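Participant: Structure for this input, please:
(one chain, ligands or ions: 1)
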Amino acid sequence: MSGDNLKWWQKTVVYQIYPRSFKDTTGNGIGDLRGVFENLNYLEGLGVETIWFNPFFNSPQGDHGYDVSDFRSVDPVYGTMRDFDELLNEIHNRNMKIVLDLVLNHTSDEHPWFKESVSSRENSKRDWYIWRDGKKTSGRKPPNNWKAIPGGSAWRYFKNTDQWVYFHFLPFQPDLNYRTPEVKKEMFNTIRFWLEKGVDGFRLDMLHSIHEDAKLRNDEFCLKLLPSEKNVASLFRKHKYDLNLPETFDFAMELRKVMDEYEPERFLVGEVFGTVEELAKYYGPNNNGLHSVFLFEFTSTAPSFKPRKISRVISRIEKALPPPFTPTYVYGNHDRDRYISLINRNIQKAKLLATMQLTLRGIPFIYYGEEIGMSNVDFKLKESQDPIGQKFSFFPIPLISKLIGFSLTRDRCRTPMQWNSELNAGFSVDYQIKPWLKVPETYKKINVAKQEKNPSSVLNCYKRLLKTRKANRSLQEGKFEFLTQNGLKKKCLAYRRYYFNEQIFVFLNFYKKEILIKSPINDPNLLFSTLSNRVALDLETYNGNIKLTPLEGIIFK
Ligand code: GLC
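Facilitator: Numbers count the residues shown, from 1 in each chain. The predicted structure follows:
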């Protein structure tokens, strides 16, 4: 990798916006595209370079936009196509990039295609979805034993045609059938529609489940209730025939071909689950598949705060995806608990993890609000807006979710952006308006306006980090190597990034005690410390050693 000029997407920093929760400019309590437009100064000032938007296409909003009813539109809840065009232009004017969320796997059951498909067995769109007869002579048993991801059978029965339709996620999100050529053609043209508008790339929703076994064979038993990052088996099923099929890896290469029709280079990042070794297949044998994939294992590894475990996972990632392959480093998103809550809202720890995320080799993804340390908000399942929370609302207590380590409603991490100390954190144009999800009381302390004024805030730490990253090519483009000499391994997590003659060192102290470390170079120069008031390394004071205070992270060269 060193010596090459990397592509824009390999060195970028992505900021994820859940439009519903960013900023409401119309006063309906729901965020919108104009709300993003009006805050581009903030994002530019923060230093992020690419913005990924969760879906804002027409949708009944059953799954808040992941149930699309028109892929080439903007839902009036979020604005108009004109708002989108203006937003895209303004993002590009600022030399930033824009990535959309593409839900290829399924549509809403209110999509006109599904309405046609459901109407009769003979309809021309019948094969756009996966319909099958039920088992038993009565037909009232699903075609096979497959389970949907949130639980229950993956089949929904329709009386009018006496057949079942397949869905991988929720019953109102029937899966498209990619073995029908027209479906692929239509969706690839949808991709072209947005590319021609100038979007820079796509985040591909649930890409791993695009294809299902052609014979729909019964899934195999596995003694595993909940999925983990390492093993996709769940609910006592292996998910052998509905996830990560060879056809789906081929599909990734077909998608890449569509992207390659366009200049300048566009970007694809897949939401896929499995081990990093398995997911590496999505990049294609000749790097001709997806540009990158999310590596979710790190969402639990980083907040575990165990340096040995963390370095093991990084080594595995580096091994499975060596340059020129580009990994991703993600701490959270709209489906997961916020990482700051997983580290008990410890600000020093958050700064340390941010330092790691923004200096590893790969694409960092920052989920809106992480940069100010927004934490999870508790909701009663009965009040859940998230369909997953509604599905589990019969669970008596959130304690269950604590026990299983899963949050049963994703509302927890989707609350409105906390802009200032005014009512409702200044989320809506009229502060009196009740936002679609409640804002936690902590907003009075944790908000953008307040943190902007405080040099030692989490926000200013992210800003300084992003500046340091931008100013030093090794941090964007350099190779990665752990440093283990001189007993370093026992003391802290240490690595270097290097590009031609430049090398940059990152030392992260995961412990609550002070440490002294011999400098690997002469005359090291401090570029960044999680401590905002530290300006030098002061080697003379510590007998030629570098001192790291508890939970401090530094970058030097
Ligand atoms: C993905 C999205 C999630 C959505 C689901 C169904 O996992 O991240 O929010 O509910 O797909 O589209």
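Participant: okay, CA-based contacts and neighbour counts for the rest of this
Facilitator: OK.
Participant: for residue 269, what are its contacts?
Facilitator: Shown in contact with residue 269 (Cα atoms under 8 Å, 6 or more residues apart in numbering): 202-204, 290-294.
Participant: Name the spans of the stretch 51-200 of the chain whose pLDDT lies under the cut-off.
Facilitator: Within the stretch 51-200 of the chain, no stretch has pLDDT under 70.
Participant: Report the closest residue of it relative to the ligand.
Facilitator: Closest contact between the stretch 51-200 of the chain and the ligand, by Cα to the nearest ligand atom, is at residue 66 (4.4 Å).
Participant: Report pLDDT for residue 425.
Facilitator: Listed pLDDT for residue 425 reads 98.
Participant: What ranges in this protein fall below the confidence cut-off?
Facilitator: Looking along the chain with the criterion set at pLDDT under 70, you get 1-4, 396-406.
Participant: Just name whatever secondary elements whichever helix in it runs longest is in contact with.
Facilitator: When the chain is parsed with DSSP state H, its longest helix is helix 181-197. Applying 3 or more Cα pairs under 8 Å, 6 or more residues apart in numbering; DSSP states H and E, one finds that helix 181-197 makes contact with helix 246-259.
Participant: Grab the nearest non-local neighbour of the residue nearest the centre of the chain.
Facilitator: Taking Cα atoms, centre = their mean as the criterion, residue 333 is the residue nearest the geometric centre of the chain, at 4.6 Å. Once flanking residues are discounted, residue 333 sits nearest to residue 367: 5.6 Å by Cα to Cα, 6 or more residues apart in numbering.
Participant: And residue 460, by the same measure?
Facilitator: residue 452 is the one closest to residue 460 (Cα to Cα, 6+ apart), at 6.7 Å.
Participant: Show me what from the protein comes close to the ligand.
Facilitator: Within reach of the ligand by Cα under 6 Å from any ligand atom, the chain has these residues: 63, 66, 169, 205-206, 335.
Participant: any chance of these in a markdown table, plus secondary structure?
Facilitator: Formatted as a markdown table, the residues of the chain next to the ligand follow (DSSP: H, G, I helix; E, B strand; the rest coil):
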| residue | secondary structure |
| --- | --- |
| 63 | coil |
| 66 | coil |
| 169 | coil |
| 205 | coil |
| 206 | coil |
| 335 | coil |
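Participant: Just the buried residues of those residues.
Facilitator: Buried members of the residues of the chain next to the ligand, counted by 16 or more other Cα atoms under 10 Å: 63, 66, 169, 205-206.
Participant: If we only consider those, which is nearest to residue 308?
Facilitator: residue 206 (30.7 Å; Cα to Cα).
Participant: Thought residue 272 was touching the closest one, still the case?
Facilitator: Yes - using Cα atoms under 8 Å, residue 206 is in contact with residue 272, at 6.0 Å.
Participant: ok so, going back, now the contacts of residue 269 as JSON lines including distance to residue 90 and neighbour count?
Facilitator: Output for those, formatted as JSON lines (distance: Cα to Cα, whole Å; neighbours: other Cα atoms under 10 Å):
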{"residue": "202", "distance to residue 90": "19", "neighbour count": "23"}
{"residue": "203", "distance to residue 90": "21", "neighbour count": "23"}
{"residue": "204", "distance to residue 90": "24", "neighbour count": "20"}
{"residue": "290", "distance to residue 90": "27", "neighbour count": "25"}
{"residue": "291", "distance to residue 90": "25", "neighbour count": "22"}
{"residue": "292", "distance to residue 90": "26", "neighbour count": "26"}
{"residue": "293", "distance to residue 90": "27", "neighbour count": "25"}
{"residue": "294", "distance to residue 90": "27", "neighbour count": "20"}
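Participant: Just the ones in strands from those residues, please.
Facilitator: 202-204, 292-293 (DSSP state E).
Participant: got the domain boundaries for this protein?
Facilitator: Domain assignment of the chain by automatic domain parsing yields the ranges 10-107+181-231+240-459, 112-166, 480-556.
Participant: quick one: the longest one to chain centroid distance?
Facilitator: In terms of Cα atoms, centre = their mean, to the nearest Å, the centre of domain 10-107+181-231+240-459 is found 3 Å from the chain centre.
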